[in-house]
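Asks: quick one: sequence plus predicted model below, questions after.
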Amino acid sequence: MLRLLVNHLHPINSTVGLVSLALMVLCCDQPAGAEDQKTRRPATGRPVALKVHEIEPATSSNDARNTVTAGIPLDRLEDHHRAQVENLLGQQTLFRCLPALRIELEPASYEYYRRHPEVAVAVWKVLGISQLQLMSTAAPGLFSVKSADGSDGTLEVLLQTDNLLIVRGTGNWHSGVLPTPIRSEGLVVLRHRFEKDREGRRYVSHQAAVFLTFPQQSVRNVARIVSPVTNMIADRNFKDISLFLRMMHVAAIERPGWIEMVAGRLEGLTRPQRDEFLKAAARALVANRRLREASLQR
């Protein structure tokens, strides 16, 4: 989820790339490029939906902005964080409420990636989705981030509850157009809820709102002009991230061996982090087996 702030102007390589990876997960024992790759049908032989469902469209309306702003629990933030957020919201910022999406996913899997974004980024690197580096620091909830284009900055979790995540980011981002880095500051407000249907399948519905500000007036003017394009990029990024979560859930169920191989290639993680990654996948597998058994007993 933290990648939203970094990638508002830098999309994931492509949705096509994610779809290709999803197909590879379902049909292969090894990541593409591995030696002696073999292709076969999924173990269950049944189709698996790799989709996310849009339940509310994205918007940049003032009504949405006012609603999101009013819903930020400033009284629950530490004093210095509250001052930072109030200052950011008081400036001339770009705003985007991303589409609300619904994913078939175990709650534990969603919580794992929500609380361990550095693991998701490490997986993206293994899969070739992104070269972004997200590293935890000694300070709890504080991450340093670097991109292949030279962009760098920090991301800090200001508040994390059962259904809310607020992240603030600052950094210097390379636009690819201007000769000098762009200094920017942003805020992501992510809300989610868990649901279950009559058959016992679990879902998560989530939506994020993004605020961005730039100290240079000239950059703000350009950002407003190109905002229709960057808004579409941000919307697509959110859908891509949601598709990634669904893909990893399906992989845990249908291709646990593939998950183990990915775990062995993760860079920058400790052994306990790798073990927890495997445990999270195992929990999804066990939950799915229990669901199937319960369905057969009906």
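Replies: Arrived safely, thanks for sending. None of the values given here were measured: they were computed from a predicted structure. Residues are numbered from 1 along each chain as shown.

Asks: list the buried residues for stretch 168-188?
Replies: Going by neighbour count (16 or more other Cβ atoms under 10 Å), the buried part of stretch 168-188 is 168-169, 171, 173-175, 181-182, 184-188. Quick note: C-beta positions are derived from backbone N, CA and C, even for glycine.

Asks: I'd like those as a markdown table, with secondary structure, distance to Ala252 and pLDDT appended.
Replies: Output for the buried residues of stretch 168-188, formatted as a markdown table (DSSP: H, G, I helix; E, B strand; the rest coil; distance: Cβ to Cβ, whole Å; pLDDT from 0 to 100):
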| residue | secondary structure | distance to Ala252 | pLDDT |
| --- | --- | --- | --- |
| Arg168 | strand | 31 | 93 |
| Gly169 | strand | 29 | 90 |
| Gly171 | strand | 33 | 84 |
| Trp173 | strand | 33 | 73 |
| His174 | coil | 35 | 68 |
| Ser175 | coil | 37 | 61 |
| Pro181 | coil | 39 | 74 |
| Ile182 | strand | 38 | 77 |
| Ser184 | strand | 36 | 84 |
| Glu185 | strand | 36 | 89 |
| Gly186 | strand | 32 | 90 |
| Leu187 | strand | 32 | 93 |
| Val188 | strand | 26 | 93 |
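
Asks: for those, which one is nearest Ile233?
Replies: Taking Cβ to Cβ as the measure, Ile233 lies nearest Ser175 of the buried residues of stretch 168-188, at 12.3 Å.

Asks: after the longest helix along the chain comes which helix or strand?
Replies: Counting by DSSP state H, the longest helix found in the chain is helix 217-254. Downstream of helix 217-254, the first helix or strand assigned by DSSP states H and E is helix 256-265.

Asks: who are the packing partners of that following helix?
Replies: Contacts defined by 3 or more Cβ pairs under 8 Å, 6 or more residues apart in numbering; DSSP states H and E place helix 256-265 against helix 117-127, helix 217-254, helix 271-297.
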